[in-house]
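**Student:** I would like the atomic coordinates for the input below:
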Amino acid sequence: QVQLQESGPGLVKPSQTLSLTCSVSGGSITTNYYYWTWIRQPPGKGLEWMGAIAYSGSTYYSPSLKSRTSISRDTSKNQFSLHLTSVIPEDTAVYYCTRLIYPQFEYWGQGTLVTVSE
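**Tutor:** Sure thing, here's the model as predicted:
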């Protein structure tokens, strides 16, 4: 059974960088043909796909967030991370990490609320 767990600060100040890590157990992040993604949901709004890192290490980003987003991985720890720079209050959301094998998001973390506020 694959399990994903998000971790990181729950409060980030405006203009700072939001950094989250997803720890994966029950499967390797380098296994063909899985994509490891970040999705967020602002309060009262729908889900927004932010980006992904592939089993190969290639990265893909939402065009609307590409200038502020980077996704990296640590294969030795079986983790992947999200970095979102220059955050604003509108970046307040529940952030999820997921495993995707196209076209299905198979497994999700429980989600972590990140609030952008002074």
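**Student:** Next, count neighbours for the nearest residue to K66 once chain neighbours are set aside.
**Tutor:** Residue nearest to K66 in three dimensions, not counting chain neighbours: G51, with 7.9 Å by Cβ to Cβ, 6 or more residues apart in numbering. Every residue, glycine included, has its C-beta placed from N, CA and C. Other residues within reach of G51, judged by other Cβ atoms under 10 Å, total 20.
**Student:** Assumed G51 was part of a helix.
**Tutor:** No: read with DSSP: H, G, I helix; E, B strand; the rest coil, G51 is strand and lies in no helix.
**Student:** Show the contacting residues for it.
**Tutor:** Contacts for G51 (Cβ atoms under 8 Å, 6 or more residues apart in numbering) come out as 37-38, 59-62, 65-66, 69, 71, 82.
**Student:** of all those residues, which two lie farthest apart?
**Tutor:** T37 and K66 (14.4 Å; Cβ to Cβ).
**Student:** Can you classify S86 as helix, strand or coil?
**Tutor:** Looking at S86 with three-state DSSP, the answer is coil.
**Student:** Please identify the helix or strand for the most centrally placed residue in the chain.
**Tutor:** In the chain, the residue lying closest to the centroid (Cα atoms, centre = their mean) is W38, at 2.8 Å. Per DSSP states H and E, W38 falls inside strand 35-41.
**Student:** for that strand, which positions count as buried?
**Tutor:** Residues 35-40 are the ones in strand 35-41 that count as buried (16 or more other Cβ atoms under 10 Å).
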